[in-house]
Structures are given as C-alpha cells and as structure tokens.
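Participant: No letters, just coordinates:
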C-alpha cells in the first residue's frame, strides 16, 4: 500500500492549482461530424519529467490504493503500486512520453470514428461502488467508472467480472476521506509502451518488480471535463507505477491559453 502522511489537509482532487503546465483539452467536435481523423487529432503526446513532480498527498495515496486493489483482482497476483517520484532521479536523465487516450465523446449516435469492436463493447464500461473505510470508522462511498479503450480480451473480461460492490480499508480518517468526490471517472487502455521507464533501468534507484506484469502497455487516466490526468502505467520490469502527482507538458503548439482552462467534472457534493 502506498501511504502518504497527512502533513496537511487533503485538497479536492485533482485540479492541480498551477495551470501553467499543459493539460489535454477536450474540445469536442460536432456530434454529427466526428470522423476517425477528428478523433485522432485529439490524441496528443505529453511528457513527464522530474521538473514536473509535485508533492505526494494523501489523495495520491488513496487513488493509488484504489487502482492497486482493482489491478490485484484482474492480474490475480499480489502486486503493489510504487510511486514514480519515490525512485526517479531529480535530473534530466529521463523523461516519460505518453499518448493521451481519445476523448470519450458524449453522444448516443455511433460516429464514423467508432470501430465495430468499440461499439460492441460500449456498454461494458465497468462500474464499481467502492466503500472506503477509515482508521477512525469513517465510511466514504465512491462510485468508480472505468471507460475502456483498446484492452486485450483477457483484461476486458477480467475487469467486467469484478464485483460491483467492494470495500477498501485505508489508514486515513474523516479529515482525508470526507472531502473526496463521490463520482470518479477513469479511462483505461493498453496503448502504452511495454517498457516506458527504460531510461531508469540503470539508474541504480529503480526497484525491479517482484512480480510479473500481466498487462503490458497499461495506462489509467483520470477523466475530467476538458482534459485527462495520467495516473498509472505498467512497466514490464518495474511493475505498476503511480504517476498522478506529475504535471505534464504537451507538444501541441496550439494548446489553449491558461485563461481557457475550466474546472473538472468531479462531483464534490458528497
């Protein structure tokens, strides 16, 4: 379990306060005109480096443990999630490029950009009612939705078969659990590289996983109204790695200005 001391009160997740760094925008094209090329144009490359690491918070710990609990069930191994910032050197010897997932356009009509396979599995997005239990007896109910993109049949089926109601014990109290949003929307895909952190293999600080990663290329993102925050990746050598505390910069010269940023879609009324 990734545990972060409660040095300060948890902040609402996960709109990081500093918008100076790039976040993927989701300016949806017309529902009637979406094509394959339109969808592709909204997939961008972002890069994580040591300069964009932010301090890990209890929120990061809770998210990492949520995802760890899910992966342990679909991987059927005693895996653990490690935070990248715990071992990545604070220098420019490495960088982590990622391809953002396509936007989840909200339309009831299939588009020309939808493949037959994607349409077939459209209703198989996984929903889990997760009860977070605190050390002080607090119970926080979170509703998790996993939007699936390009998953292997093995992973897709394992995800679908997960129990729709689950419990997760945490070392936190009401102060950290109560402010959490009720609704959580994740995107999960296997479009990543098998060895995304290869630059760190010889760093001397990167611990090799003591388990075999079953799902190479795994990426999990936190879905927001206008962008997605990368949360977790798999690396066949280092295991499942939490990256949610990294800001990202993109390679899109036409990225919107800071003033155009809007707040996320999290339900913080719970």
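Facilitator: That came in fine, so what should we check first? The model shown is predicted, which means the values in this text are computed figures rather than measured ones. Numbering: from 1, shown residues only.

Participant: can you pull up the bridge partners for the closest residue to residue 126 other than its chain neighbours?
Facilitator: Computed as C-beta to C-beta, 6 or more residues apart in numbering, the closest residue to residue 126 that is not its neighbour in sequence is residue 146, at 4.4 Å. The C-beta positions use only the backbone N, C-alpha and C, and glycine is treated the same way. In this entry, residue 146 is beta-bridged to residue 126, residue 186, by DSSP bridges.

Participant: Same check on residue 166?
Facilitator: Judged by DSSP bridges, the bridge partners of residue 166 are residue 130.

Participant: What is the neighbour count of it?
Facilitator: Residue 166: 16 surrounding residues under other C-beta atoms under 10 Å.

Participant: so who does it touch?
Facilitator: Contact partners of residue 166, counting by C-beta atoms under 8 Å, 6 or more residues apart in numbering, are 69, 128-131.

Participant: quick revisit: look up how far residue 173 lies from the residue nearest to residue 126.
Facilitator: Here the criterion is C-beta to C-beta, to the nearest Å. By it, residue 146 lies 27 Å from residue 173.

Participant: between these two, which one's more packed in?
Facilitator: residue 146 (22 against 15).

Participant: Would you check that residue 98 makes contact with residue 248?
Facilitator: Yes. Counting by C-beta atoms under 8 Å, residue 98 does reach residue 248; the two are 7.5 Å apart.

Participant: Name the residues contacting each of the two.
Facilitator: Counting by C-beta under 8 Å, 6+ apart, the residues touching both residue 98 and residue 248 are 46-48, 230.

Participant: May I ask which of those comes out lowest in pLDDT?
Facilitator: The member of the shared contacts of residue 98 and residue 248 with the lowest pLDDT is residue 46, at 86.

Participant: Quick check: which helices or strands does the helix or strand encompassing residue 233 pack against?
Facilitator: Residue 233 is part of strand 228-235 when elements are defined by DSSP states H and E. Applying 3 or more C-beta pairs under 8 Å, 6 or more residues apart in numbering; DSSP states H and E, we find strand 228-235 packed against helix 58-75, strand 96-99, strand 219-223, strand 239-242.

Participant: pLDDT score assigned to residue 59?
Facilitator: Value listed for residue 59 in the pLDDT field: 93.

Participant: ok, it to residue 196 distance?
Facilitator: Separation of residue 59 from residue 196 (C-beta to C-beta) stands at 23 Å.

Participant: circling back to that earlier point, most widely separated two among the shared contacts of residue 98 and residue 248?
Facilitator: Farthest pair in the shared contacts of residue 98 and residue 248 (C-beta to C-beta) is 47 and 230. Separation: 10.6 Å.

Participant: what touches both of the two?
Facilitator: By C-beta under 8 Å, 6+ apart, residue 47 and residue 230 have these common neighbours: 98, 248.

Participant: The two: who's more crowded?
Facilitator: residue 230 (23 against 15).

Participant: show me what contacts the residue nearest to residue 205 when sequence neighbours are not counted?
Facilitator: Distance criterion C-beta to C-beta, 6+ apart; nearest residue to residue 205, sequence neighbours excluded, is residue 87 at 4.7 Å. Residues in contact with residue 87, defined by C-beta under 8 Å, 6+ apart, are 200, 203, 205-207.

Participant: Inside helices: which ones of those?
Facilitator: Secondary structure assignment by DSSP state H places none of the contacts of residue 87 in helices.

Participant: Just the buried ones among those residues, please.
Facilitator: Among the contacts of residue 87, those classed as buried by neighbour count (16 or more other C-beta atoms under 10 Å) are 200, 206.

Participant: In CSV: the contacts of residue 87, plus pLDDT.
Facilitator: Below are the contacts of residue 87 laid out as CSV (pLDDT from 0 to 100):
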residue, pLDDT
200, 94
203, 87
205, 88
206, 92
207, 91
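
Participant: possible to save the contacts of residue 87 as JSON lines with distance to residue 234?
Facilitator: Formatted as JSON lines, those follow (distance: C-beta to C-beta, whole Å):
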{"residue": "200", "distance to residue 234": "14"}
{"residue": "203", "distance to residue 234": "19"}
{"residue": "205", "distance to residue 234": "19"}
{"residue": "206", "distance to residue 234": "14"}
{"residue": "207", "distance to residue 234": "15"}
